[in-house]
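# 3D model of this:
(2 chains)
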Amino acid sequence: MISKVVRAALAVAAMSLAPVAAQAFEPENPECIAPANPGGGWDFTCRQVGKTLQDLGLIGSTMQVTNLAGGGGGVAYAAVVNKRGDDNDLIVAASSATATRLAQGAYPGNTMDQVRWVGAVGADYGVIAVAAKSPIQNLTELMDQMKDKPSSIAIAGGSAVGGWDHLKVLIAANAAGIEDVRKVKYIAFNGGGEAVTQLLAGSVQAFSGDISEAKGFVDSGDIRVVAVLSPERLEGDYAAFPTAKEQGIDAIGANWRGFYAPKNMTDDAYNFWVSKIDELYATPEWKNVMKNNGLAPLDLQGAEFEKFVSESVAKIQQISRNIGIIK
Amino acid sequence: MDTLSSLADGFVIAMTFQNLILALLGCFLGTIMGALPGLGPSNGVAILIPLAFSLGLGATPSLILLTSVYYGAMYGGRISSILLNIPGDAPALMTCIDGYPMAQNGRGGEALALSGFASFIGSFLATWGLVLLAPQLVKIALAFGPAEYFALFALAFATLGGVSSTNQAKSAFAAMIGLGLAMVGVDTQTGVPRFTFGIVHFYDGIDFLVAIVGLFAISEVFIFIENRHGSADAEGKKVELGRLTPSWKTFWGSFPTIIRTSLVGFLAGVLPGAGASLGSFISYSMEKRLLDKEGTFGKGDPRGVAAPEAGNNAAAGGALVPMLALGVPGSGTTAVLLAVLLALNITPGPLLFANNPDVVWGLIAALFIGNFILLLLNIPFVGIFIRVLLVPPRILMPIVAMVSFVGIYGIAGSTFDLVVMVGFGALGWLFRKMDVPLVPIILGVLLGNNMESNLRRAITISDGDWSVLFSSPLSMTLWAISIIGFVLPIFVGRFIPKKAKKLPETVEEEVSN
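Numbering: from 1, shown residues only, chains lettered A, B, ... in the order given. A predicted model of the protein is given here:
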């Protein structure tokens, strides 16, 4: 019943578009695959970008969001590579987690050059936080204690071991001079929310996550951010957070959010998506979405983005080798 | 009083014509989605998100529509459990155990009506709990660390004997299979894939919905195909619809159960790692332990229908507490709702009540309204739903198969899931032949992962010291209850069966009906 309504709406939208479509590439049925169940970050990326693109009139019809969950994004990746390699109407939500899994070979048989990387719509910089009542005041103290007595600090995060929340801590620990990062005690929870809850409950001593996950609890005074892993201090509400860099620990960890597209989509189509994401990124409406969700600037599209992804894949491979996740 | 005046403001927001229509629409669609196997509350909500966005609804109307779907689906899940022995969604699993036998005994109408009332009271109490206690309840969630969660899951398994009345060894065997299946997928504590055989579809583990629909719905179809040439189809079931409303005696007999299980369900819902399925499960096994002195549970005891329904609907309300107050989803559905809030630029969390009071109180008022609408929708509908029993199996079963395939394909758009579902159907058929209960398998799949992760988190945090599992008063209490729940029935059942009858609750004489 509902799908009928949607379909009717799509049909109407498509008809009104027909004259425009004759001029340049215009997707008939724009579709965004969220490679996870509804409710996660990828789902959010698709829905928010789809909604804003439509609100701004950058695409003529409703972006259909398809949830293709499985394998931490691997099912969707394989499906795009194998089955929908020439689909011009399709983009797929991706993030650092996608790059991490590609780097670690967690999508069996797939590599990053099997798709085209479209662009980023922002980045969630990593934060390391402690409970408000913790005696630890800054990142240096936290890292010193981890050096002296690794077992006394358990760090909670929302991703699995080897996942992005884990790697961020290791990047910081590495930069702080901790040689054997395998001693760092990381506890994996189902999502950042659960991890913060356990920090508040006192089960763990520190939390590694994205800034958007921590924001609500910082505002309420429950947790203290000891470091944000950005190159320089963020703007607005976030300006109060010290960076790791200014504390002498040169660690940067950004969870970017963006899109990839099928490898064999036409150049017209690829350019269409790259330019739309670029236009979207420049609008005040998107800036507002970014502000409300704690997304920091990361303005990379097309070839630049492709290069960025390949560099981060290489870096993650190196860390993963150090901690023994890959050989 | 502050709370009550805020709530009154909320009613002002929610009581507009548009919002009432949205609530009605949401409740109606939710009930249908809940009743269809495979389409649970979280899919239901997810499917309607684009509608809410494309209608250009604001924050409060969108939330009213989507939470009505959520509550509606929690109501709807029981319908197929009772009429077809196929749970419409995971929390409705326990309703099958007594609901289906009631329908077979010609009391399907009563079961539907009673469970409708139980659902209503469960959600009604839970919504009040949400109004009055949300800020305080957060502290309960904070008292649960990994060790306490592990003890809670252990409690659930210790009372497993309550689930199936037949052969305890077979129950245990089924639970083991479920736990084993739960291990499939990437292990979050080490990042290593287990039992995936290099197949990427297994990396996220086995979706319990696929298992439920396969084990219950598809195996039902297989059983039907097998008996096709036999007498079963030829003469058709002699179905008696029976009365459509429960007698006062039945209702009052179940009333204490409903109140108790609403409380238990609500608390289970408040805990982010537990959720509605655990709520309905513990509700059922608790009531069975307390009341089942004559062995009527599992054979169509109305209290066995009331308990899980009050429990799971109360848990649905309870799960909104951590979602709103902490920004931590307590279940799959609240995770979807959380995403909707974020998409509407509302940040749930400790400051939500202070920053967006209109959204919160409008939502809570809408929950009350939705709940009344659902009661009003569901009671007259009993007469319509119950006619499903009159549909001859040769027509009903193909529909069940079709709905199952569409529903499961809809979850992730994956044909692989369909293959797994049919595999589970074959397994379910085999187990039914061998009289192995199917419910413990699902419980194993549902709870196994959480139980394992929490055990390992606790042990990792304590550097391998197992005593951490018994170190807090809360975890010791939970262990004590599990041990009592596990051991006591063995002795009570064996040596002093008469003595237990002195308990006041057992005065009810449901058996005589």
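
# Where does the stretch 151-300 of chain A get nearest to chain B, which residue?
Proximity of the stretch 151-300 of chain A to chain B (Cβ to the nearest Cβ) peaks at A:G216, 2.6 Å away. The way it works is simple: take the backbone N, C-alpha and C, and place the C-beta from them, glycine included.

# helix or strand for that residue, which one?
helix A:211-219 (DSSP states H and E).

# now the very next helix or strand once past that helix and helix A:211-219, what's the angle there?
Counting by DSSP H and E, the next helix or strand C-terminal to helix A:211-219 is strand A:223-228. Inter-element angle recorded for strand A:223-228 and helix A:211-219: 140 degrees (by axes from the mean of the first three to the mean of the last three Cα atoms, to 10 degrees).

# pLDDT averaged over stretch B:344-363 - what is it?
What stretch B:344-363 shows for mean pLDDT is 76.

# repeat for stretch A:182-197
For stretch A:182-197, the per-residue pLDDT averages 84.

# Is there proximity between that stretch and chain B?
Yes. Under the criterion of Cβ under 8 Å from any Cβ of the partner chain, chain B is reached by stretch A:182-197 at A:185, A:187-191, A:193-194, A:196-197.

# That stretch: end-to-end distance?
Terminal residues of stretch A:182-197 are spaced 25 Å apart (Cα to Cα, to the nearest Å).

# Select, from the residues of stretch A:182-197 next to chain B, the two members most distant in space.
Pairwise distances across the residues of stretch A:182-197 next to chain B (Cβ to Cβ) peak at 20.7 Å, for the pair A:K185 and A:G193.

# Of those two, which one has the most company?
A:G193 (26 against 19; other Cβ atoms under 10 Å in any protein chain shown).

# Tell me if I'm right that the more buried one and B:L326 touch.
Yes. Contact criterion Cβ atoms under 8 Å: A:G193 and B:L326 qualify, at 6.8 Å.

# Next up, the contacts around the residue of the stretch 151-300 of chain A closest to chain B.
By Cβ atoms under 8 Å, 6 or more residues apart in numbering or on different chains, the contact set of A:G216 is B:327, B:347-352.

# Strands along the stretch 151-300 of chain B, start to end?
With DSSP state E, counting those that start in this stretch as the criterion, the stretch 151-300 of chain B has strands at B:185-186, B:193-194.

# element containing the closest residue to A:W286 other than its chain neighbours?
What sits nearest to A:W286 in space, not counting adjacent residues and going by Cβ to Cβ, 6 or more residues apart in numbering or on different chains, is A:L280, at 5.2 Å. Per DSSP H and E: A:L280 is located in helix A:267-282.

# and the next element down the chain from that helix?
Once the chain leaves helix A:267-282, the next helix or strand it forms, by DSSP H and E, is helix A:284-292.

# That next one: which residues count as buried?
Neighbour counts over helix A:284-292 (16 or more other Cβ atoms under 10 Å in any protein chain shown) mark A:286, A:289-290 as buried.

# what do you get for stretch A:200-216?
Using 16+ other Cβ under 10 Å as the test for burial, stretch A:200-216 gives A:200-201, A:203-216.

# now do stretch B:114-132
By neighbour count on 16+ other Cβ under 10 Å, the buried set for stretch B:114-132 is B:114-127, B:129-131.

# re earlier: just give the number of residues close to the residue nearest to A:W286.
For A:L280, the neighbour count with other Cβ under 10 Å is 19.

# what residues are up against it?
With Cβ under 8 Å, 6+ apart, A:L280 has these contacts: A:49, A:52-53, A:56, A:58, A:121, A:286.

# quick one on the thing from earlier: quick one: mean pLDDT over the helix holding A:G216.
Helix A:211-219 comes out with an average pLDDT of 80.

# Hey, what's the angle from that helix to helix A:284-292? Just curious.
Counting by the same axes, to 10 degrees, helix A:211-219 lies at 60 degrees to helix A:284-292.

# Please give the three-state secondary structure assignment for A:L170.
helix (DSSP: H, G, I helix; E, B strand; the rest coil).

# these two touch, right, it and A:R182?
No. Between A:L170 and A:R182 there is no contact under Cβ under 8 Å: 9.1 Å.

# Counting neighbours, go ahead and name the busier of those two.
For A:L170 versus A:R182, neighbours defined as other Cβ under 10 Å are more numerous around A:L170 (23 against 11).

# if you skip the residues just before and after it, what's nearest to that one?
A:V181 (4.7 Å).

# quick revisit: kindly compare burial across the strands of the stretch 151-300 of chain B and name the winner.
The highest average neighbour count among the strands of the stretch 151-300 of chain B, using mean count of other Cβ atoms under 10 Å in any protein chain shown, belongs to strand B:185-186 at a mean of 22.

# Quick one: distance of it to the chain centre.
25 Å (Cα atoms, centre = their mean, to the nearest Å).
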